[in-house]
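Participant: build me a model from this:
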Amino acid sequence: MEEEDSNKKEIKNEIKEEKPFVRVEDPEIHFICSSCKMNEVVQYKGTYPPFAGNIKLLEPCYVMRDPFQPRAKTKPEAFIVIGADCCICEKAVCKDTTCSFFYAKSFCIKCAGENIHQLPKEVQAKYRKQVG
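Facilitator: Just a heads-up that it's a prediction; the model follows:
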């Protein structure tokens, strides 16, 4: 009996000694486009932004909460996809059409141009139109 009581006391003490829950603020991830040098702080990199509900992005992207919308605790929040890493050179590029090209994955303009022959004809035409 005494052993059981001492075990209960130890468990109660362990519970009391637990650290209180502290909400971790959004991490700050510094995004810099390798092409235009746009510099922005984003809150997430990946395919499932935790503040965007059940949305899955097609590739790992740099995502920020929409700074012009209030934060919501019970519903998905508005967000902005700032950029992604080039699937060939792995450098960060923003989603501006002068910096990146998207076909199933993001390419920096340089890598897309160097590998255009590997893309379908329709996609090559889209790339040429985008680059001008």
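
Participant: and residue 106, how many residues sit next to it?
Facilitator: 25 (other CB atoms under 10 Å). For the C-beta atoms, the positions are set from N, CA and C on the backbone; glycine is no exception.

Participant: just checking, it touches residue 100?
Facilitator: Yes. In this structure, residue 106 is within contact of residue 100 by CB atoms under 8 Å, at 5.2 Å.

Participant: show me whatever sits in contact with both of those two.
Facilitator: Residues within reach of residue 106 and of residue 100 at once, by CB atoms under 8 Å, 6 or more residues apart in numbering, are 83, 84, 86, 93.

Participant: kindly state the beta-bridge partners for the first one.
Facilitator: Spelled out, it's residue 83. Beta-bridge partners recorded for residue 83 (DSSP bridges): residue 62, residue 94.

Participant: check what pLDDT residue 14 gets.
Facilitator: On the pLDDT scale, residue 14 is placed at 49.

Participant: just the one 5 residues further on next, same as before
Facilitator: Turning to residue 19, the model gives it a pLDDT of 43.

Participant: start at 2, not 1
Facilitator: With the count now opening at 2, the last piece we talked about shows up as residue 20.

Participant: contacting residues around the residue positioned nearest the centre of the chain?
Facilitator: Taking CA atoms, centre = their mean as the criterion, residue 46 is the residue nearest the geometric centre of the chain, at 2.3 Å. Residues near residue 46 by CB under 8 Å, 6+ apart: 30, 61, 62, 63, 64.

Participant: could you find the lowest-pLDDT member of those residues?
Facilitator: Out of those, that is residue 30, at 94.
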